[in-house]
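J.: just to be clear, the model below is a prediction. Sequence and coordinates:
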2 protein chains.
Amino acid sequence: MNQELQDLVDQFHKILYLYSVIGRKPKDYGTGDLLYFSEIHTIAMIDRNREINITRLADVMGVTKGAISQTISKLVAKKLIIRKNIRNLKEVNLMLSAKGRKVLKAQEAFQNEIFTFAASLYEKAGSTDRELVGRLFRAITANMEERVRGAQA
Amino acid sequence: MNQELQDLVDQFHKILYLYSVIGRKPKDYGTGDLLYFSEIHTIAMIDRNREINITRLADVMGVTKGAISQTISKLVAKKLIIRKNIRNLKEVNLMLSAKGRKVLKAQEAFQNEIFTFAASLYEKAGSTDRELVGRLFRAITANMEERVRGAQA
DNA sequence: TTAATTTTGTTTAGCTGCTAAACAAAAAGC
DNA sequence: GCTTTTTGTTTAGCAGCTAAACAAAATTAA
C-alpha cells in the first residue's frame, strides 16, 4: 500500500476514533433527555424499520436480544418509543412516539452538521469524483457488514 | 442537502456504527492476549508519540487521566508497553515493548484489510478524484477534533 | 532554604452498555 | 393435546469510562 493511501486509511481511523470519543457524552436533542449514541441509533433503526420486533432489531443492530430489551425499556420510560402487540401477544412491535420523532429530527440535523464542511466540498465536485466517493463508502460498508455477520454466526 | 449527499452521510454513519460493533469483541493480534480497540488504539498512540506521559496521552486520546492510568496498568501487565521515568521521578514515559510492536504490526495489517476493497477502487482512480477524497476526510476530521476539544474545555 | 502551589499519576465508587445464561410465556408443529 | 420453537425479560458479571479524593514529586515564591 502506498504512502498516500496509507495516510488516507489513517485519517479514516482517526475519524472512527474521534466519533467514539464524541459519542461518549450523552446529548440533549431538544426534549430534556440526555441520550447516548446507542439510544439514538436504536431510535433511528426503529424509524427505518417500522413495527420491527426485538429479535429482528437485535439482528439488524448486531447486539443480543437482552441488550435491545434493556435499551428499549429505557427509551419507553423516556416516552421516546412505544411498545405494541400488532401481530400477536408474544411479539413486541416498536414505533416512535411524537417525542421520538422530534429527537430523530434533531439528531439528523446534528449529524449533518459534522459533515457540513465535507458536504460543501462534495457539492463543488464533478460527477465522476462523487461516484468514486460513493463506491468507496459502499465498499467499506459491505466489508464491515460481512464482518459483523461473520462474528455473530 | 440533496438526496445523493444525504445517502452518502447515511452510509458514513453506518460505517461508524458498524466499526463500533466490530470493536466490541476483543481480538488476538498474534500474542495470545485478547485486546480491545481502546487498548490497541492506546498502543498506536504511544507508538506515534514516543515517550509520551499519562497526562499528554489522556489529552491526545480525549479521555481522563484516570482512564489512561487504568488502561496502561493492564497493558503493562500484559507486557505490551513499558513504564519509564526519563525526565524525572514524577513523570511516567511510555514505550512499546517488542511484543507491543508485534501487536501493532498485526493491527495495521488487520485495519488495512477492512479497506482493501476501497483501496483497489482508490488506486484505479485519477489524481483529481483522490484529491477530493483526501480533502473530504480531512474536513471531517478537523470538525470532529474541534468537537472533542470543545467538549473538554 | 523553606514553604506554598502546581503538576502528575493512582485509586476508588459509580455509571452505561454490553454478553451469556436462566427463565417465562406464547406460538407453531406434530 | 402435547412437544418444540420462538420471542422477550431478567440477572450476574465484565470493560471502559468519569469525577473526585488522594499522594507524591516538581516548581515557584518568599
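T.: Here it is on my side, so go on.
J.: center of chain A - which residue?
T.: Nearest to the mean C-alpha position of chain A, by Cα atoms, centre = their mean, lies residue A:41 at 4.0 Å.
J.: secondary structure element holding that residue?
T.: Using DSSP states H and E, residue A:41 sits in helix A:37-48.
J.: who are the packing partners of that helix?
T.: helix A:54-61, helix A:65-77, strand A:81-84, strand A:93-96, helix A:98-114 (3 or more Cβ pairs under 8 Å, 6 or more residues apart in numbering or on different chains; DSSP states H and E). (C-beta placed from N, C-alpha, C; glycine too.)
J.: run through the residues that contact the closest residue to residue A:19 other than its chain neighbours.
T.: The spatially closest residue to residue A:19, leaving aside those adjacent along the chain, is residue B:16, at 4.9 Å (Cβ to Cβ, 6 or more residues apart in numbering or on different chains). Contacts for residue B:16 (Cβ atoms under 8 Å, 6 or more residues apart in numbering or on different chains) come out as A:15, A:16, A:19.
J.: DNA strand C contacts on chain A?
T.: A:26, A:36, A:38-39, A:62-67, A:70-71, A:74, A:88-90 (Cβ under 7 Å from any atom of the strand).
J.: restricted to buried residues, select those in PyMOL.
T.: PyMOL command restricting the residues of chain A next to DNA strand C to the buried ones, with burial defined by 16 or more other Cβ atoms under 10 Å in any protein chain shown:
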select buried, chain A and resi 38+39+62+63+71+74
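J.: when you check DNA strand D, which of the residues of chain A next to DNA strand C turn up near it?
T.: A:65, A:66, A:70, A:90.
J.: what's the most distant pair in those?
T.: Farthest pair in these (Cβ to Cβ) is A:70 and A:90. Separation: 19.0 Å.
J.: partner residues bridging residue A:83?
T.: Beta-bridge pairing of residue A:83 under DSSP bridges involves residue A:94.
J.: can you list the helices and strands packed on helix A:37-48 in CSV and add mean pLDDT?
T.: Converted to CSV, those look like this (pLDDT from 0 to 100):
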stretch, mean pLDDT
helix A:54-61, 94
helix A:65-77, 95
strand A:81-84, 95
strand A:93-96, 96
helix A:98-114, 87
